[in-house]
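Engineer: Here is the input, now give the coordinates:
(chains A and B)
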There are 2 protein chains.
Amino acid sequence: MARRKPAREQPRPGSPLRVLLRVPEGERVSLSSYDTGGTPGFPAGPPPLKAAGLAATAQLGERLAGLQERLYAASTAGDRRRLLLVLQGMDTSGKGGTVKHVIGHFNPSGCRVKAFKAPTAEERSHPFLWRITKELPRPGEIGIFDRSHYEDVLIARVRELAPREEIGRRYGQINRFEQNLADEGVTVVKVFLHIGYEEQRRRLLKRLDDPDKHWKFSPDDIEERALWPAYQEAYELTLERCSTGAAPWFVVPADRKWYRNWAVSRLLLDHLEALDPRYPRGDFDVEECRRRLLGDP
Amino acid sequence: MARRKPAREQPRPGSPLRVLLRVPEGERVSLSSYDTGGTPGFPAGPPPLKAAGLAATAQLGERLAGLQERLYAASTAGDRRRLLLVLQGMDTSGKGGTVKHVIGHFNPSGCRVKAFKAPTAEERSHPFLWRITKELPRPGEIGIFDRSHYEDVLIARVRELAPREEIGRRYGQINRFEQNLADEGVTVVKVFLHIGYEEQRRRLLKRLDDPDKHWKFSPDDIEERALWPAYQEAYELTLERCSTGAAPWFVVPADRKWYRNWAVSRLLLDHLEALDPRYPRGDFDVEECRRRLLGDP
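Structural biologist: Below is the predicted model of the structure:
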């Protein structure tokens, strides 16, 4: 279970995952009070939990694919709803792994995956939400952001890439932007993959041990790691200020990859089930079409 | 085996699939001489072939995912190569199913899938390759076109959407465009999913039988079907004029879905193996990085 400081609304252990992992609106967040190796909400059972977790995630995958098809089908009849998954987290927290293992369950033709890198000169010449807007999912799609506009209040704050006042304004801009998305039928699911400092060390060392993983490593990663406390603080501020009713943040303990994949799958499932997309009915005469098909040469 | 009229270079049964299914450059094509229910190149074995086909495709999936990761990794070190799969075929030929079942094996973050619909007013105001260019894969990516610039010599020809002379010029424009892509490191794999007239009837009727599939059906599909001979002729012309050394066409018999998925997987594997992408070596001091990581607080 995630340990969290006493809060106004404390979720009970039996709550749905999206209640359990959600950052309550307007509440102080202390990331160090979370157990990054925890498995909150995962059903208790005999060890090893991992095998049960992998099996559960595989099962969720089929249900996710089914709901995605219905969401897409509904869009062909004018339903404008869609889902946007925003993944944030420290280096090695598993953003890429989540895309591979969770989003891999979906039909690729209905997904729009975008990994945001350092902005280009053109992107920097526009307001920070400009490049984000271009990559939003279309109706019926599932969009996935590996990093996002939140970089503009995270690395931007830690590395002082913009004046402090400007960064201060961005939280409000983000909240208004996301409120607009919600109004337009975009379900925004924001996930902070929360790994521990020691787990990051292990993962970086593992990359160094395998020459085929060196392409994922850069000495800059060590520089970034040295700023760990500043990043944690920037994340806490972000979670506090931008977990809104329209677009809440979820904190997913991410030291265990199987749990991370299960939890993100489960969160997506909860949200897609709440949307309850339906296959549209055809507006044509089925019998006549059948006759024509059977009657052609 | 695909039955094909005597040709200048007749592939032998043991040839690799990409030789067997390739449309030889400059050769006449007669689509009616193909067996759309055939399984050319699939290893003989005891029936049912389908089970063996599904197992073989699943195995190919793992190898495809591994090669894709290497292609992507190589791009992070400056390798500009990439692959573009172009899928064409009549309604119900399985373009969408191929994306779901074959491309579903890849990591979604390295795929760029684009389904081209009827062009918008803005797209029509530009040369026909404009909208295509915008959707090309970036280095290290695998691009998938569900329909493509070939619509501009297929439906455009059959439905007379442009003057005949203009369509006549497009074959050459396409060949030059694809030669440019090849020069820039894009491996273009063009697949015509060849289904039979009767198989299309079966598939359309099946859609009518299931209300949850009605969103995939439109009475327009019956209108299009009535133009079958004109479409086959347009495809024949296209395959003859645009199967080039830089970007050959492959004809995949597509009445059997398991074979279609296996053949497209195998074609992709052949091309990715020929690219032989390598994980780049790191240009940093591994030992020093390890010391720094182990030494931090």
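
Engineer: CA only for contacts and neighbour counts going forward, please
Structural biologist: Noted.

Engineer: and the closest residue in space to residue A:253 that isn't next to it in sequence, which of the three is it?
Structural biologist: Once flanking residues are discounted, residue A:253 sits nearest to residue A:36: 4.4 Å by Cα to Cα, 6 or more residues apart in numbering or on different chains. Here residue A:36 takes the coil state, with states given by DSSP: H, G, I helix; E, B strand; the rest coil.

Engineer: List the contacts of residue A:36.
Structural biologist: Contact analysis of residue A:36 by Cα atoms under 8 Å, 6 or more residues apart in numbering or on different chains lists A:2, A:194-196, A:253-255.

Engineer: near chain B, which residues of the stretch 101-250 of chain A show up?
Structural biologist: Within the stretch 101-250 of chain A, the positions lying close to chain B (Cα under 8 Å from any Cα of the partner chain) are A:103-109, A:111, A:113-115, A:201, A:204-205, A:208, A:211-215, A:217-219, A:222.

Engineer: Tell me where chain A has helices.
Structural biologist: Along chain A, counting by DSSP state H, helices occupy A:17-20, A:49-75, A:95-101, A:121-124, A:130-134, A:155-158, A:164-183, A:197-209, A:219-226, A:228-242, A:257-275, A:286-295.

Engineer: any idea of the pLDDT on residue A:5?
Structural biologist: As predicted, residue A:5 sits at a pLDDT of 45.

Engineer: in chain A, which ranges drop under the pLDDT threshold?
Structural biologist: Scanning chain A for pLDDT under 70 picks out the ranges A:1-14.

Engineer: if we go to 50?
Structural biologist: By pLDDT under 50, the low-scoring segments of chain A are A:1-8.

Engineer: what about residue A:79, distance to residue A:178?
Structural biologist: To residue A:178, residue A:79 is 19 Å away according to Cα to Cα, to the nearest Å.

Engineer: Same question for residue A:215.
Structural biologist: 34 Å.

Engineer: Let me see the contact set for residue A:136.
Structural biologist: A:84, A:112, A:143.

Engineer: Surely the last one touches residue A:85?
Structural biologist: When you say that, I think you mean residue A:143. Yes: because the distance of 6.1 Å satisfies Cα atoms under 8 Å, residue A:143 is recorded as touching residue A:85.

Engineer: How many residues are close by residue A:271?
Structural biologist: Neighbourhood size, residue A:271 [other Cα atoms under 10 Å in any protein chain shown]: 15.

Engineer: Identify the residue nearest it in space, chain neighbours excluded?
Structural biologist: With sequence-adjacent residues excluded and distances taken as Cα to Cα, 6+ apart, residue A:271 is closest to residue A:187, at 7.7 Å.

Engineer: Look up the residues forming beta bridges with that neighbour.
Structural biologist: Taking DSSP bridges as the rule, residue A:187 bridges to residue A:83.

Engineer: ok, it - contacts?
Structural biologist: Residue A:187 makes contacts with A:81-84, A:181, A:247, A:271, as judged by Cα under 8 Å, 6+ apart.

Engineer: hang on, the earlier thing: of the residues of the stretch 101-250 of chain A next to chain B, just the buried ones, ChimeraX syntax please.
Structural biologist: The ChimeraX command for the buried members of those (criterion: 16 or more other Cα atoms under 10 Å in any protein chain shown) is given here:
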select /A:103,104,105,106,107,108,109,111,113,114,201,204,205,208,211,212,213,214,215,217,218,222
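
Engineer: out of the residues of the stretch 101-250 of chain A next to chain B, which are inside strands?
Structural biologist: Mapping these onto strands (DSSP state E) picks out A:111, A:113-115.

Engineer: Now flag whichever of these is closest to chain B.
Structural biologist: The closest of these to chain B turns out to be residue A:113 (Cα to the nearest Cα; 5.8 Å).

Engineer: What sits closest to that closest one if chain neighbours are left out?
Structural biologist: residue A:144 (4.7 Å).

Engineer: What's opposite that neighbour in the beta bridge?
Structural biologist: Residue A:144 forms beta bridges with residue A:85, residue A:113, as assigned by DSSP bridges.

Engineer: For residue A:106, see how far away it is.
Structural biologist: Residue A:144 sits 12 Å away from residue A:106, going by Cα to Cα.

Engineer: Likewise for residue A:28?
Structural biologist: Distance of residue A:28 to residue A:106, given as Cα to Cα: 35 Å.

Engineer: ok, now residue A:198?
Structural biologist: For residue A:198, the distance to residue A:106 (Cα to Cα) stands at 32 Å.

Engineer: just residue A:259 next, same as before
Structural biologist: 19 Å.

Engineer: same deal with residue A:24?
Structural biologist: Relative to residue A:106, residue A:24 is positioned 29 Å away (Cα to Cα).

Engineer: and what of residue A:142?
Structural biologist: Residue A:142 sits 9 Å away from residue A:106 when distances are taken as Cα to Cα.

Engineer: same check, this time on residue A:294
Structural biologist: Where residue A:106 is concerned, residue A:294 sits at a distance of 35 Å (Cα to Cα).

Engineer: picking that back up, which member of the contacts of residue A:187 is positioned nearest chain B?
Structural biologist: Ranked by distance to chain B (Cα to the nearest Cα), the contacts of residue A:187 are led by residue A:84 at 14.8 Å.

Engineer: Neighbours of that closest one, how many?
Structural biologist: Here the count is done by other Cα under 10 Å, and residue A:84 has 23 residues near it.

Engineer: try the one 5 residues further on
Structural biologist: If you count neighbours by other Cα under 10 Å, residue A:89 ends up with 21.

Engineer: Quick check: the gap between the nearest residue to it once chain neighbours are set aside and chain B.
Structural biologist: In this structure, residue A:89 finds its nearest non-sequential neighbour in residue A:193, 4.9 Å apart by Cα to Cα, 6+ apart. Distance, residue A:193 to chain B, using Cα to the nearest Cα, to the nearest Å: 18 Å.

Engineer: ok, now which ones touch residue A:293?
Structural biologist: Applying Cα under 8 Å, 6+ apart, one finds that residue A:293 lies in contact with B:201, B:204-205, B:222.

Engineer: Provide a list of residues in contact with residue A:109.
Structural biologist: So, once contact is read as Cα under 8 Å, 6+ apart, residue A:109 ends up touching B:96, B:99-100, B:113-115.

Engineer: Can I get these in a markdown table including distance to residue B:123?
Structural biologist: Output for the contacts of residue A:109, formatted as a markdown table (distance: Cα to Cα, whole Å):
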| residue | distance to residue B:123 |
| --- | --- |
| B:96 | 23 |
| B:99 | 24 |
| B:100 | 27 |
| B:113 | 18 |
| B:114 | 15 |
| B:115 | 14 |
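
Engineer: Which residues are in contact with residue A:191?
Structural biologist: Taking Cα under 8 Å, 6+ apart as the contact definition, residue A:191 lies against A:85-88, A:249-252, A:264.
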